[in-house]
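Chemist: mind folding the following:
(one chain, ligands or ions: 1)
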Amino acid sequence: MSNRPERHDGTQGPAGREGTDRQEGTDRKEGTDRKEGTADRRAGELDDAVSRASALLDLADRVTVLTGAGISTDSRIPDYRGPDGVWTKNPEAERQASIQRYVSDPEVRKRAWMTRLDSPVWAAEPNPGHRSLLRLESRRKLHLLITQNVDGLHHDAGSDPERIVEVHGTVRRVACLSCDYSAPMRDALDRVRAGETDPDCSRCGGILKSATISFGQNLVAADIARANEAATTCDLLLAVGSTLAVFPVARVVPIAKMSGAGIIIVNGGPTEMDDLADVVVSGSISEVLPRILG
Ligand SMILES: [Zn+2]
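Modeler: I've put the predicted structure just below:
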């Protein structure tokens, strides 16, 4: 199995279900009634899905959680691949994010440091979605929390760092591309504020970058192995806020399924793997996740 992140583009589904809720009648009164009926039915379906997800969680002993960008959008951190995602709206920014461009072009690095200074991550706070996952720990059910996010908000929410695997790295630290030097991001940003446009490694002079996995960089094999192991050995997999379109991490869902685990998917819109799920809960994550986790 390759441990290089494969990006599946063009896989994002339509934005929610709003588009299918067309008001077709010409009689306004009749149309309004129909719309209210649809809204009631949708609320009923959501209540039902939340109840079924809660029931599965009650029965589970070892829950592996996978989170993606959708859990952090209510903390005002933009996602990348959703309908309003950074890369959906600006594909050039995606190409700029490759490791090859970063290494070969000092101007790309200068711009990257300025972008890091202004990142919305520094002001972001965990939302009720992040915090509700603590319930799994207090109920002694959390097996592993795998996240595709690099924002560090699960740490801020108080999740046990020993049980978090950040498969795409973290913006909270910098890493040298030539040696194994690593340091807090805030120290590097202090150097940028003091006038360095492209701070280098204080140990070997190499290029520093946020400790995230860029395009063209390999994932950390040990992290992927740990995620896959946790998918194999859980009895329930809870996928939250991920379109499940970025591999290999999304593979934890079919791995868990094949190992006999139940699957719950919670997301704002459709995912690539809804057909594998026992329950799909579609709604605002910061609202429905606390309801599911109790
Ligand atoms: Zn170095």
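Chemist: looking at K29 now. What's its pLDDT?
Modeler: Here the pLDDT value assigned to K29 is 52.
Chemist: can you map out the strands along the stretch 1-150 of the chain?
Modeler: For the stretch 1-150 of the chain, the strands defined by DSSP state E, counting those that start in this stretch occupy 6-7, 63-67, 142-147.
Chemist: with mean neighbour count, mean pLDDT and distance to the ion added, can I get these in TSV?
Modeler: Every residue, glycine included, has its C-beta placed from N, CA and C. Converted to TSV, the strands of the stretch 1-150 of the chain look like this (neighbours: other Cβ atoms under 10 Å; pLDDT from 0 to 100; distance: least, Cβ to the ion, whole Å):
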stretch	mean neighbour count	mean pLDDT	distance to the ion
strand 6-7	12	46	28
strand 63-67	27	98	31
strand 142-147	24	98	27
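Chemist: L134: which of the ones you listed is closest?
Modeler: L134 lies closest, by Cβ to Cβ, to one member of those: strand 142-147, at 8.8 Å.
Chemist: mind listing what that closest one pairs with, with the direction of each?
Modeler: Strand 142-147 pairs in its sheet with strand 63-67 (parallel), strand 164-166 (parallel), by DSSP bridges.
Chemist: quick revisit: I'd like to know which of the strands of the stretch 1-150 of the chain lies nearest to S284.
Modeler: Across the strands of the stretch 1-150 of the chain, S284 has its closest neighbour in strand 63-67 (14.9 Å, Cβ to Cβ).
Chemist: and P270, that's in a strand?
Modeler: No. Assessed with DSSP: H, G, I helix; E, B strand; the rest coil, P270 is coil; it does not lie in a strand.
Chemist: out of the strands of the stretch 1-150 of the chain, which comes closest to R203?
Modeler: With Cβ to Cβ as the yardstick, what comes closest out of those is strand 142-147 (28.6 Å).
Chemist: neighbouring contacts of the following helix or strand past that closest one?
Modeler: Tracing the chain C-terminally past strand 142-147 and defining elements by DSSP states H and E, one meets helix 153-157 next. Counting contacts by Cβ atoms under 8 Å, 6 or more residues apart in numbering, the residues outside helix 153-157 that touch it are 67, 71-72, 75, 77, 124-127, 130-131, 133-134, 145, 147, 161, 164, 172.
Chemist: hmm, try it at 10 Å
Modeler: By Cβ atoms under 10 Å, 6 or more residues apart in numbering, the residues outside helix 153-157 that reach it are 65, 67, 71-72, 75, 77, 121, 124-134, 145, 147, 159-161, 163-164, 166, 170, 172.
Chemist: list the buried residues of it.
Modeler: Across helix 153-157, burial judged by 16 or more other Cβ atoms under 10 Å covers 153-155, 157.
Chemist: this protein against the ion: which residues are in contact?
Modeler: With the criterion set to Cβ under 5 Å from the ion, the chain comes near the ion through 176, 178-179, 181, 201, 203-204, 206.
Chemist: which SSE is the closest residue to L144 other than its chain neighbours in?
Modeler: Leaving out its chain neighbours, the residue that sits closest to L144 by Cβ to Cβ, 6 or more residues apart in numbering is A230, at 3.7 Å. Using DSSP H and E, A230 maps to helix 221-232.
Chemist: now the angle from that helix to strand 63-67?
Modeler: For helix 221-232 against strand 63-67, the angle by axes from the mean of the first three to the mean of the last three Cα atoms, to 10 degrees is 130 degrees.
Chemist: please export the C-alpha coordinates of helix 221-232 as CSV.
Modeler: This file holds the C-alpha atoms of helix 221-232, laid out as CSV (Å, rounded to 0.1, in the frame of the first residue of the first chain):
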residue,chain,number,x,y,z
ALA,A,221,4.1,5.4,7.7
ALA,A,222,3.8,4.8,11.5
ASP,A,223,0.8,7.1,11.7
ILE,A,224,-1.0,5.3,8.9
ALA,A,225,-0.2,2.0,10.3
ARG,A,226,-1.6,3.1,13.7
ALA,A,227,-4.8,4.4,12.1
ASN,A,228,-5.3,1.1,10.1
GLU,A,229,-4.6,-0.9,13.2
ALA,A,230,-7.2,1.1,15.1
ALA,A,231,-9.7,0.5,12.3
THR,A,232,-9.1,-3.2,12.4
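Chemist: counting contacts, what elements does that helix pack onto?
Modeler: Secondary-structure packing of helix 221-232 (3 or more Cβ pairs under 10 Å, 6 or more residues apart in numbering; DSSP states H and E): strand 63-67, strand 142-147, strand 164-166, helix 252-258.
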